[in-house]
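Q: model the structure of this input:
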Amino acid sequence: MQAMTLAQPGGLENLSLADTAARDPSHGEIQVAVKANSLNFHDYAVVAGMIPAEAGRIPMSDGSGVVTAVGSGVIEFAVGDSVLGCFFPNWQDGDAAHKKLLGVPGDHVNGFAAQQVIMPASAFTGLPKGYSHEQAATLPCAALTAWRGLMVEAQIKPGDTVLTQGTGGVSIFALQFAKAAGCRVIATSSSDEKLERLKSLGADELINYKSTPDWSAQALKHTDNQGVDVVVEIGGAGTLPQSINAVRVGGHISLIGVLAGFEGNVPTAALFSKNAALKGITVGSRAQQQDMIAAIEANGIEPVIDSTFALGELADAFRHQESQKHFGKICIAI
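A: This next block holds a predicted model:
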């Protein structure tokens with residue numbers, strides 16, 4: 001079979017297609033013909049060398065495909081079933097723990113940028129009914145991160161106001177989940193064109209943070225100076241001070257990304273004076289993925305896909321991601 005391998009970490013030029021050995025599934029494992037991947041910042045960080053990886057690593061954490069063989073003891077899936085990988089295969093349920101966060105495909109172990117994978121059956125779930133493999137491949141990292149940040153940790157409810165940042169996969173899924181839950185959404189972006197697209201997806205208030213640098217003050221105006229109930233924080237240190245300013249007393253900030261800085265000054269006095277909760281979010285469990293899929297089916301939510309590349313064009317897909325011109329998810333068709 002063929003797979004995209006990383007000759008050595010530290011650059012897109014080190015990605016290339018290679019022939020890799022295949023094997024039969026062992027006890028508890030399934031063999032899956034991979035049909036699609038989707039790109040996440042985490043995948044880019046691995047390939048670019050920001051996250052250490054072994055030479056020869058097959059990248060990509062998100063994958064969807066069809067079962068082609070099952071090992072002994074497997075009862076949940078059968079040949080011909082469509083399946084969706086889990087970002088944390090060892091996190092089946094319950095709270096996060098160190099051991100549960102090990103084994104990430106494309107990072108700790110070989111991932112889904114391959115024609116075929118063999119992994120434990122417990123590392124997969126089913127797909128939402130009616131979803132294509134490309135649509136399904138957008139879910140394990142970005143969608144589940146948004147789901148856990150809003151539904152599990154912040155426990156949003158109808159009438160809440162949610163603030164989202166940007167137009168990446170997590171932020172768009174957060175907008176879709178929040179609207180499905182009956183929430184009001186304030187969306188930010190540096191592009192008026194992208195803001196209009198967010199409006200078409202249901203965003204109630206729009207803020208261009210390029211033309212309105214003090215966007216938290218504008219968010220406060222949209223809430224009669226009370227503050228938003230929940231912030232989906234994807235910037236990190238670079239935007240966290242404004243998120244703290246924008247959140248209401250007793251509100252919740254789901255810290256999901258570090259796109260605007262890995263470290264920096266945090267106004268801790270403002271955070272505790274607001275009695276606000278700041279919760280780090282790293283994707284979620286298999287059980288949470290199954291809950292999310294049920295909600296997607298019940299609400300008819302469809303992912304926003306920007307573009308699709310072939311497996312051999314993975315480096316070009318990452319370059320498109322680097323350009324920040326995309327809106328929604330970038331997929332790989334295999």
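Q: centroid residue for the chain?
A: Centroid check for the chain by Cα atoms, centre = their mean gives Ala142 as the closest residue, at 1.3 Å.
Q: ok, that one - contacts?
A: Shown in contact with Ala142 (Cβ atoms under 8 Å, 6 or more residues apart in numbering): Ser38, Asn40, Gly168, Gly169, Val170, Phe173, Lys329. In short, each C-beta sits where N, CA and C put it, glycine included.
Q: just the CA atoms of the helix or strand encompassing Gln289, as CSV, please.
A: Assigned by DSSP states H and E, Gln289 belongs to helix 286-299. Provided in CSV are the C-alpha atoms of helix 286-299 (Å, rounded to 0.1, in the frame of the first residue of the first chain):
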residue,chain,number,x,y,z
ARG,A,286,-14.7,8.3,22.1
ALA,A,287,-18.0,8.4,24.1
GLN,A,288,-18.2,12.2,23.5
GLN,A,289,-17.6,11.6,19.8
GLN,A,290,-20.6,9.2,19.8
ASP,A,291,-22.7,11.8,21.6
MET,A,292,-21.7,14.4,19.1
ILE,A,293,-22.6,12.2,16.1
ALA,A,294,-26.0,11.6,17.6
ALA,A,295,-26.5,15.4,17.9
ILE,A,296,-25.3,15.9,14.3
GLU,A,297,-27.8,13.4,13.0
ALA,A,298,-30.7,14.9,15.1
ASN,A,299,-30.0,18.5,13.9
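Q: flag every buried residue along the worst-scoring helix or strand of the chain on mean pLDDT.
A: The weakest-scoring helix or strand in the chain, judged by mean pLDDT, DSSP states H and E, is helix 268-273 (a mean of 92). Across helix 268-273, burial judged by 16 or more other Cβ atoms under 10 Å covers Leu271.
Q: from the middle of its chain, how far away would the helix or strand just after it be?
A: As assigned by DSSP H and E, the chain's next helix or strand after helix 268-273 is strand 277-280. Taking the mean of its C-alpha atoms, strand 277-280 sits 17 Å from the chain's own mean (Cα atoms, centre = their mean, to the nearest Å).
Q: any residues touching strand 277-280, and which ones?
A: Gly149, Glu153, Ala154, Gly251, His252, Ile253, Ser254, Leu255, Leu271.
Q: by neighbour count, which of these wins?
A: Gly149 (31 neighbours; other Cβ atoms under 10 Å).
Q: tell me the average confidence for stretch 284-297?
A: Across stretch 284-297, pLDDT averages out at 98.
Q: kindly report the same for stretch 62-81.
A: So the average pLDDT for stretch 62-81 ends up being 98.
Q: domain-wise, how is the protein divided?
A: 2-138+303-333, 143-280 (automatic domain parsing).
Q: now the ones you listed in a markdown table, with distance to Gln288?
A: A markdown table is the format used below for these (distance: least, Cβ to Cβ, whole Å):
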| stretch | distance to Gln288 |
| --- | --- |
| domain 2-138+303-333 | 8 |
| domain 143-280 | 6 |
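Q: between those, which gets nearest to Ala295?
A: Among these, the nearest to Ala295 by Cβ to Cβ is domain 143-280 (7.1 Å).
Q: point out where the stretch 51-200 of the chain drops to low pLDDT.
A: Within the stretch 51-200 of the chain, no range satisfies pLDDT under 70.
Q: show me where it has strands.
A: Using DSSP state E, counting those that start in this stretch, the strands of the stretch 51-200 of the chain run over residues 62-70, 82-85, 116-120, 124-125, 161-165, 184-189.
Q: can you tell me what sits against the third one?
A: Same thing as strand 116-120. 1, 22-26, 28-34, 63, 65, 68, 85, 89, 105, 110-111.
Q: if we use 10 Å, what do you get?
A: The contact list for strand 116-120 (Cβ atoms under 10 Å, 6 or more residues apart in numbering) reads 1-3, 20, 22-34, 58, 60, 63, 65, 68-69, 71, 74, 83, 85-86, 89-90, 103, 105, 109-112, 123-124, 334.
Q: which members of these are classed as buried?
A: So, by 16+ other Cβ under 10 Å, the buried ones in those are 3, 20, 25, 29-32, 34, 58, 60, 63, 65, 71, 74, 83, 85-86, 89-90, 103, 105, 109-112, 123-124, 334.
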